[in-house]
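Trainee: structure, please.
(one chain, ligands or ions: 1)
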Amino acid sequence: MARSAARPLVELSRSQWRTLIRELGERGGGKRESGAFLLAPRSESPRVAHIEYFDDLDPACLRGDIRFDGRHFSKLWDVCEARRLRVIADIHTHPRRSVTQSTIDRANPMIASVGHVALIVPDYASSRVRPRDVGVHQYHGNGQWSAWLGREAAERLSLRWWR
Ligand SMILES: [Zn+2]
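Mentor: Numbers count the residues shown, from 1 in each chain. Modelled structure (predicted):
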């Protein structure tokens, strides 16, 4: 059966991606998980327009794993309001090669809205990461997720040449 490529859920420019991976790696220092929210226009566009790092919102949240204090969401909503954007995805790093969700990840979506995407990056983002190395997870509500790895992940996480 012929299969057509899936529509991207998240699109970044290659330079945005390089910066994002470098920042996640540096913030985790090769020994802690780190993460960020990815913001896009309020239209249906999946094109990331702004990145807000977890530890810029909650400086105490990187504790090995990520303990983002819900009180700090108000800052994120302020950024969304000021820039007229919405959160389409979050991204966080894992220690080793595995980019599947932990039980905690599955039970605690950073944004519990239907369609929200959670990206997981291997090896604390300490080296180059290609889209096919990433775990792409989409929330459907009621604790239900879809997960894509490898080529299927790369179809949904699209890197473009525009800046
Ligand atoms: Zn995780």
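Trainee: what does the protein have sitting close to the ion?
Mentor: Contacts of the chain with the ion, taken as C-beta under 5 Å from the ion, map to 102, 105. Where C-beta positions appear, they are placed from N, C-alpha and C, glycine not excepted.
Trainee: which residues in the chain form strands?
Mentor: Secondary structure of the chain (DSSP state E): strands at 10-13, 35-41, 50-53, 62-63, 65-66, 85-93, 117-121, 135-141, 144-148, 157-160.
Trainee: can you put those strands in CSV and add distance to L76, mean pLDDT and mean neighbour count?
Mentor: Below are these laid out as CSV (distance: least, C-beta to C-beta, whole Å; pLDDT from 0 to 100; neighbours: other C-beta atoms under 10 Å):
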stretch, distance to L76, mean pLDDT, mean neighbour count
strand 10-13, 17, 97, 20
strand 35-41, 6, 98, 22
strand 50-53, 6, 98, 17
strand 62-63, 16, 96, 16
strand 65-66, 14, 94, 18
strand 85-93, 7, 98, 22
strand 117-121, 15, 98, 24
strand 135-141, 17, 98, 19
strand 144-148, 21, 98, 15
strand 157-160, 21, 96, 18
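Trainee: distance to H72 added to those strands, as JSON lines?
Mentor: Listed next are those as JSON lines, based on distance: least, C-beta to C-beta, whole Å:
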{"stretch": "strand 10-13", "distance to H72": "22"}
{"stretch": "strand 35-41", "distance to H72": "11"}
{"stretch": "strand 50-53", "distance to H72": "10"}
{"stretch": "strand 62-63", "distance to H72": "13"}
{"stretch": "strand 65-66", "distance to H72": "12"}
{"stretch": "strand 85-93", "distance to H72": "13"}
{"stretch": "strand 117-121", "distance to H72": "18"}
{"stretch": "strand 135-141", "distance to H72": "20"}
{"stretch": "strand 144-148", "distance to H72": "24"}
{"stretch": "strand 157-160", "distance to H72": "26"}
